[in-house]
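In: I'll drop the sequence and a predicted model, then ask my questions.
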Protein chains: 2
Amino acid sequence: MAEVIEKQSGAAFKLKEGQKLKVIDPQGQQVSDMVLFSEDDKREKISSGKTFDFEESILLTKGNFLWSNRSNKMMKILEDTNGRNDFLLAPCSPETFKIMYKKQEYHPSCFENLYTNLKKYGIELDQIPTAFNIFMNVQFTADGKLSVEPPLSKAGDYVLFEAQMNLIVGLTACSAEDSNGGSFKPIHYEIIDD
Amino acid sequence: MAEVIEKQSGAAFKLKEGQKLKVIDPQGQQVSDMVLFSEDDKREKISSGKTFDFEESILLTKGNFLWSNRSNKMMKILEDTNGRNDFLLAPCSPETFKIMYKKQEYHPSCFENLYTNLKKYGIELDQIPTAFNIFMNVQFTADGKLSVEPPLSKAGDYVLFEAQMNLIVGLTACSAEDSNGGSFKPIHYEIIDD
């Protein structure tokens, strides 16, 4: 039975080594930002730089691992029915909307939804690293220019991860217009024991 | 008068808002990893993800800013005579050499050279983020595959930065064979007040 992350919100939970996490886009064209911390020592966390180093790729999909700042494997990607994820951009934050979108009023953000949900595990906002952005479609040119395009994910697409250590997971249904084609939708997830 | 960072070593120092930092490759084909922390609150530090967001580019050069995890500008790149820097890969660490280079014996690393030098400012190893890798020549293909190539920098090439806030700076002369074409060389730097 899938858990539901309502649109523009988030969740945080524990995942034991060997457990699987299935992150599902139930309606299509939605993004989910994921951050990972070691349950044993929260100073160990997911690292885009270390992952790019060891996987030798900006794009991560089936067969790739997500690595920590201490050079340990945190997750393996077992399945990926969509195939496009991003690990370049930071979670959208209040400043993303002020600086990039020129919106001065309050706007929900993945950053807020990560740190408010992770607070119960003693994780503070400055500890939130660059997230693994599931289903996010960030295109780059040969000269490095970045653009955020609508996700390619269709209703029911999912990514299946396997925990390589005991983890604390933060997960969102993304709040940024640009990341999901201008609409806000939920994200579903399942923790699978076998 | 330039300060010298000997081959496979590092330095850490304060840089006040408005001061300029010139990082020089005196012999050519050498890399320097740079990390930045706010002097006022060391939980604020350089962020590849936020920089990619706001600069909308993987490649950063003259005219670009380096941003913090709190969405503040930390440095402006005023000049860049080489033009190729990397912000994807993490500083080489003991595990880089064990996992990627299959070397089991001790090997100096940028990670060690950053945290041992930054220790005097109360910064610990787990706080070291992905560095801005000056002169580092990381190539990427359309499908995201990464390769580390010898730097394009020639003797005397430099990057000139201007501090946008009071900073603590960590800087290295890179210890990884792959980053500098198999040789180890020093890095020079100057702090310029006007």
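Out: Ah, there it is.
In: Around chain B, which positions in chain A sit nearby?
Out: For chain A, the contact set with chain B under CB under 8 Å from any CB of the partner chain comprises A:43-44, A:47-50, A:52-54, A:56-59, A:69-71, A:88-91, A:93, A:95-96, A:99-100, A:126, A:128-131, A:140, A:142-147. Every residue, glycine included, has its C-beta placed from N, CA and C.
In: mind listing which of those residues are in helices?
Out: Mapping these onto helices (DSSP state H) picks out A:48-50, A:52-54, A:95.
In: quick one: the strands in chain A?
Out: Taking DSSP state E to define them, one finds strands in chain A at A:3-5, A:10-15, A:20-25, A:32-38, A:65-67, A:73-80, A:132-134, A:137-140, A:146-149, A:157-163, A:167-172, A:187-192.
In: Highest mean neighbour count out of the ones you listed?
Out: Of all the strands of chain A, strand A:132-134 has the most neighbours on average by mean count of other CB atoms under 10 Å in any protein chain shown, namely a mean of 29.
In: Does anything pack onto that strand? Which helices or strands?
Out: strand A:32-38 (3 or more CB pairs under 8 Å, 6 or more residues apart in numbering or on different chains; DSSP states H and E).
In: Strand A:20-25 and the strand it packs on, what's the angle between them?
Out: With axes from the mean of the first three to the mean of the last three CA atoms, to 10 degrees defining the directions, strand A:32-38 sits at 160 degrees from strand A:20-25.
In: average pLDDT for strand A:32-38?
Out: Average pLDDT, strand A:32-38: 98.
In: Mind listing residues that contact it?
Out: Residues external to strand A:32-38 that are found in contact with it (CB atoms under 8 Å, 6 or more residues apart in numbering or on different chains): A:5, A:23, A:25, A:44-46, A:66, A:68, A:72, A:74-75, A:91-92, A:110, A:114, A:118, A:121, A:123, A:127-129, A:131-136, A:165-174, A:187.
In: could the ones in helices among the residues of chain A next to chain B go into TSV alongside pLDDT, neighbour count and distance to A:Gln19?
Out: Below are these laid out as TSV (pLDDT from 0 to 100; neighbours: other CB atoms under 10 Å in any protein chain shown; distance: CB to CB, whole Å):
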residue	pLDDT	neighbour count	distance to A:Gln19
A:Ser48	98	30	23
A:Gly49	98	24	26
A:Lys50	98	26	22
A:Phe52	98	26	26
A:Asp53	97	24	26
A:Phe54	97	21	22
A:Glu95	92	18	34
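In: Figure out how far the helix or strand of chain A with the lowest mean pLDDT is from the centre of its chain.
Out: Every helix and strand of chain A was ranked by mean pLDDT, DSSP states H and E. The lowest is helix A:94-95, at a mean of 92. In this view, helix A:94-95 has its centroid 18 Å away from the chain centroid, taken as CA atoms, centre = their mean, to the nearest Å.
In: same question, stretch A:4-22
Out: Put simply, stretch A:4-22 sits 10 Å off its chain's centre (CA atoms, centre = their mean).
In: Send me that stretch as PDB with only the CA atoms.
Out: Only the C-alpha atoms of stretch A:4-22 are listed here, as PDB (Å, rounded to 0.1, in the frame of the first residue of the first chain):
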ATOM      1  CA  VAL A   4       0.900   9.600  -0.300                       C
ATOM      2  CA  ILE A   5       2.900  12.800  -0.200                       C
ATOM      3  CA  GLU A   6       0.300  15.400  -1.000                       C
ATOM      4  CA  LYS A   7       1.200  18.100  -3.600                       C
ATOM      5  CA  GLN A   8       3.800  20.700  -2.400                       C
ATOM      6  CA  SER A   9       4.600  18.700   0.800                       C
ATOM      7  CA  GLY A  10       7.100  16.200   2.100                       C
ATOM      8  CA  ALA A  11       7.800  13.200   4.300                       C
ATOM      9  CA  ALA A  12      10.700  11.800   6.300                       C
ATOM     10  CA  PHE A  13      11.200   8.200   7.500                       C
ATOM     11  CA  LYS A  14      13.700   5.500   8.300                       C
ATOM     12  CA  LEU A  15      14.800   2.800   5.800                       C
ATOM     13  CA  LYS A  16      16.900  -0.100   7.000                       C
ATOM     14  CA  GLU A  17      19.800  -1.600   5.100                       C
ATOM     15  CA  GLY A  18      18.300  -4.100   2.500                       C
ATOM     16  CA  GLN A  19      14.900  -2.500   2.500                       C
ATOM     17  CA  LYS A  20      13.600  -1.100  -0.800                       C
ATOM     18  CA  LEU A  21      12.000   2.200  -1.500                       C
ATOM     19  CA  LYS A  22       9.700   2.700  -4.500                       C
END
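In: Thanks again, I'm all set now.
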